[in-house]
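Undergrad: okay, predicted coordinates and the sequence, questions at the end:
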Amino acid sequence: MIDVKLLRTNPDLVRASQTARGESVEIVDELLAADEQRRSSIANYETLRAEQKDLGRHVAKASGDEKAALLARTKELAAEVKQAQATTDEAGTRFDALLRRVGNLVDPAAPVGGEDDFAVLETHGTPRDFEAEGFTPRDHLELGEILGAIDTERGAKVSGSRFYYLIGQGAELELALINLAMSKAREWGFTAMIPPALVNPPAMEGTGFLGQAAQDVYHLEADDMYLVGTAEVPMAAYHSDEILDAKRLPLRYAGYSPCYRREAGSYGKDTRGIFRVHWFDKVEMFVYCDPADAAEMHTKLLGYEKAFIDALELPYRVIDVATGDLGLSAARKYDCEAWLPTQQRYREITSTSNCTEFQARRLGIRSRGSDGLAPVATLNGTLCAVTRIIVMLLENHQQADGSVRIPPALQPFLGGREALTPVD
RNA sequence: GGAGGCGUCGCCUAGUCUGGUCCAUGGCGCCCGCCUGCUAAGCGGGAGCGGUCUUAAAGCCGCACGCGGGUUCAAAUCCCGCCGCCUCCGCCA
């Protein structure tokens, strides 16, 4: 949620943010009206309630005729209080529902525009020139089959399209990547976490995934539970409704979990291989910190992502995601996109968001500072989205004979092997 | 899944049967003063959340006894639903 005080004192800022996001501005006026209604009905309720309480005390002490007279008055009052309470609840619910639909205030530094209006911040490494090397690169699925590492046919047989099995070297590669990611995270001071991948509605809603993103989320009807699309959800909800010790901030976690996505809006897109799938595993970084430190922490998270990609020796670039493509919670978002040889373009492999106090307000996560309780800032960033990384490793490090070079950083986690090799 | 028990201000706890002086008891721990050259002890004070007023503090009001409803003039207390924890049984990786 955005800050209500800010909404009252500077609604134009909220309007500007909504415009940058490509969202409705009218909602700001609706909100202001609803807020006014809510406040006046609260005031009314409190007045009545105070009177009722006062009378109640007298009733307790009175007796006989006096008591009867008091009871008559207080009975009348009770009806009024009930009415006022209903009005207040309704006004509060309406205001809250509206407020939760408004996205986070965008960072003024973020590029304004839609999906294609991102800014390229930096580019690292050089895409290989396969022509010069004298062979045509195979795509990741072909390589995966040669290596006996990826089986999408049986994935489809058992679970449907966009499912896969990792087998042999493929399965070992995932475990190696997870271990590399977790050991680096540990070095950087993150606490390892294995969170639940199934969460209740408040956790999903609080993290901001039940708005426009709802059609992409798996819902288990029978139990009213959600399969998370990212560990960000259980990691953010971990400290929900808690007051954190300001002295112990920042809290940093590295969570390993499966991710489930319906990919409802992407029929026909990236249908080949495991680039876009309904389930994959991921190591996610999540940070709770002082809002004043959030921007700096965001840069750090990006730095960790870059360090991981560097270790895997992938050519990539960093983009500053445009305001219209931020999602509900982020004020600013940086994506790392690695070069995908068979598509001759950069594709997203990590994403890090600064959600400022937006999620913390929705989830009730605060810390006690010099001026009382205040929401903390939350940030998240991908360390290793396994399937995407496998795609990139296979395609970028492939050799003419179908083998795949393993970057030195990863070798210790694969028993010292220097390459994945074709199976018969 | 079945049976039973429990859920009170950081922790423990009184109160629930028999609704109203509960605006919730006491202890421990914690914080701030005072005091004794330090520490402990002792004495005094403070500590939930939201709103409002104020330069600020104080103050005032509301909410809060797991959560949500209901009954009642009045609910920690009675009724219903839900959630969580514990014990036993069953089932199970």
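TA: Received the coordinates, thanks.
Undergrad: now the top helix by length along chain A: buried residues?
TA: Counting residues, the longest helix found in chain A (DSSP state H) is helix A:64-101. Of all the residues in helix A:64-101, those buried under the rule 16 or more other Cβ atoms under 10 Å are A:70, A:74, A:77, A:81, A:84, A:87-88, A:91, A:94-95, A:98-101. C-beta: built from backbone N, CA, C; applies to glycine.
Undergrad: one more: stretch A:410-422?
TA: A:L410, A:F413, A:L414, A:R417, A:L420, A:P422.
Undergrad: any idea of the mean pLDDT in that stretch?
TA: Mean pLDDT, computed over stretch A:410-422, is 95.
Undergrad: export it as PDB, just CAs?
TA: Provided in PDB are the C-alpha atoms of stretch A:410-422 (Å, rounded to 0.1, in the frame of the first residue of the first chain):
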ATOM      1  CA  LEU A 410      30.600 -24.400 -11.100                       C
ATOM      2  CA  GLN A 411      33.100 -27.200 -11.500                       C
ATOM      3  CA  PRO A 412      33.600 -27.900  -7.700                       C
ATOM      4  CA  PHE A 413      29.800 -28.500  -7.400                       C
ATOM      5  CA  LEU A 414      29.900 -31.100 -10.300                       C
ATOM      6  CA  GLY A 415      32.700 -33.200  -8.900                       C
ATOM      7  CA  GLY A 416      35.300 -31.300 -10.800                       C
ATOM      8  CA  ARG A 417      33.900 -32.100 -14.200                       C
ATOM      9  CA  GLU A 418      34.900 -29.600 -16.900                       C
ATOM     10  CA  ALA A 419      32.200 -30.400 -19.400                       C
ATOM     11  CA  LEU A 420      28.800 -32.000 -19.800                       C
ATOM     12  CA  THR A 421      29.200 -34.700 -22.500                       C
ATOM     13  CA  PRO A 422      26.700 -36.300 -25.000                       C
END
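Undergrad: off-centre distance for it?
TA: On the basis of Cα atoms, centre = their mean, to the nearest Å, stretch A:410-422 sits 32 Å off its chain's mean C-alpha point.
Undergrad: check stretch A:132-147 too.
TA: The chain centroid and the centroid of stretch A:132-147 are separated by 34 Å under Cα atoms, centre = their mean.
Undergrad: quick one on the thing from earlier: after the longest helix of chain A, which helix or strand is next?
TA: strand A:119-124 (DSSP states H and E).
Undergrad: list the contacts of the closest residue to A:L414 other than its chain neighbours.
TA: Distance criterion Cβ to Cβ, 6 or more residues apart in numbering; nearest residue to A:L414, sequence neighbours excluded, is A:A176 at 4.7 Å. Residues near A:A176 by Cβ atoms under 8 Å, 6 or more residues apart in numbering: A:L410, A:F413, A:L414.
Undergrad: ok, 10 Å please
TA: A:Q169, A:I406, A:L410, A:Q411, A:P412, A:F413, A:L414, A:G415, A:R417 (Cβ atoms under 10 Å, 6 or more residues apart in numbering).
Undergrad: which of the residues you listed sit farthest apart?
TA: A:Q169 and A:P412 (16.1 Å; Cβ to Cβ).
Undergrad: helix/strand/coil for A:T299?
TA: Assigned with DSSP: H, G, I helix; E, B strand; the rest coil, A:T299 falls in the helix class.
Undergrad: now do A:G268
TA: coil.
Undergrad: what about the one residue in the stretch 151-300 of chain A that gets nearest to RNA strand B, neighbour count?
TA: Proximity of the stretch 151-300 of chain A to RNA strand B (Cβ to the nearest atom of the strand) peaks at A:I243, 6.3 Å away. Burial of A:I243 is recorded as 13 neighbouring residues (other Cβ atoms under 10 Å).
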